[in-house]
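>>> Need the 3D shape of this:
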Amino acid sequence: DSPGLAIPDGDPVGTTSILTITEDVVITDLNVNLDISHTWVGDVTTTITSPTGTVVTIVDRPGYTGTGFGCSGDDILATLDDAGTGAVETQCGAGVPTIDGTFTPNNPLAAFNGESTMGDWIITISDAVAGDSGTLNAWGITYSYANTNTDV
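Numbers count the residues shown, from 1 in each chain. Predicted coordinates:
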């Protein structure tokens with residue numbers, strides 16, 4: 001989905017986008033693709049909610065440890081995958097986008113394994129601190145599933 005949604009500045013409720021999947025298969029692996037423009041990624045928290053209501057926080061204020069301000073870099077262009085090369089939480093590069101590549105999410109996406117793909121998938125993005133703004137440019141999910149067809 002490419003919603004181009006503004007992320008409300010300093011608003012813990014944030015904004016949501018819904019992606020409706022019509023294919024009904026059982027998930028064996030799920031990845032999330034993110035394209036977020038934001039001038040201070042350490043403010044950003046992102047959750048994914050499945051059609052059955054399972055909620056997983058995949059980005060939780062990168063670099064923020066309970067004190068300080070987190071990663072001051074700009075933009076996220078990432079795939080979150082349980083088999084990623086490092087934790088998204090520790091990414092704070094010097095370039096733009098600051099978070100660029102395939103990383104493990106804050107919480108495992110394996111929480112969705114065994115669920116159906118069909119229905120509304122919801123992404124929620126919030127900005128914890130006022131002063132820097134952002135946009136959800138695009139997002140999506142990629143999933144794997146077992147072949148349940150009988151071989152002939």
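>>> what about the strands in the chain?
Read by DSSP state E, the chain holds these strands, from start to end of the chain: 5-7, 15-21, 27-38, 44-49, 55-60, 76-80, 99-103, 119-127, 134-145.
>>> Just give me the neighbour total for residue 41.
By the criterion of other CB atoms under 10 Å, residue 41 has 28 neighbours. To be clear about C-beta, it is placed using only N, CA and C from the backbone, and glycine gets the same treatment.
>>> Now do the contacts for it.
Contacts for residue 41 (CB atoms under 8 Å, 6 or more residues apart in numbering) come out as 62-63, 70-76, 92, 98-99.
>>> Which of these are buried, as a ChimeraX select command?
Of these, the buried ones can be selected in ChimeraX as follows, counting by 16 or more other CB atoms under 10 Å:
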select :62,63,70,71,73,74,75,76,98,99
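>>> Sketch out the low-pLDDT regions of this structure for me.
Within the chain, the ranges that satisfy pLDDT under 70 run 150-152.
>>> Residue 28 contacts residue 113, doesn't it?
Yes - using CB atoms under 8 Å, residue 28 is in contact with residue 113, at 6.0 Å.
>>> quick one: contacts of stretch 62-74?
Applying CB under 8 Å, 6+ apart, the external contacts of stretch 62-74 come out as 37-44, 61, 88-94, 96-99, 128-129.
>>> neighbours of residue 115, just the number please.
Counted with other CB under 10 Å, the burial measure for residue 115 works out to 17 neighbours.
>>> ok, it - contacts?
Taking CB under 8 Å, 6+ apart, one finds 26-27, 50-52, 54 in contact with residue 115.
>>> now those residues in TSV, with neighbour count and distance to residue 12?
What follows is the contacts of residue 115, written out as TSV (neighbours: other CB atoms under 10 Å; distance: CB to CB, whole Å):
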residue	neighbour count	distance to residue 12
26	13	34
27	20	29
50	21	22
51	16	24
52	11	24
54	12	21
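>>> for the residues you listed, which one is nearest residue 149?
residue 26 (13.2 Å; CB to CB).
>>> Not counting sequence-adjacent ones, nearest residue to that closest one?
The shortest distance from residue 26 to any residue other than its chain neighbours is 5.7 Å, reached at residue 145 (CB to CB, 6 or more residues apart in numbering).
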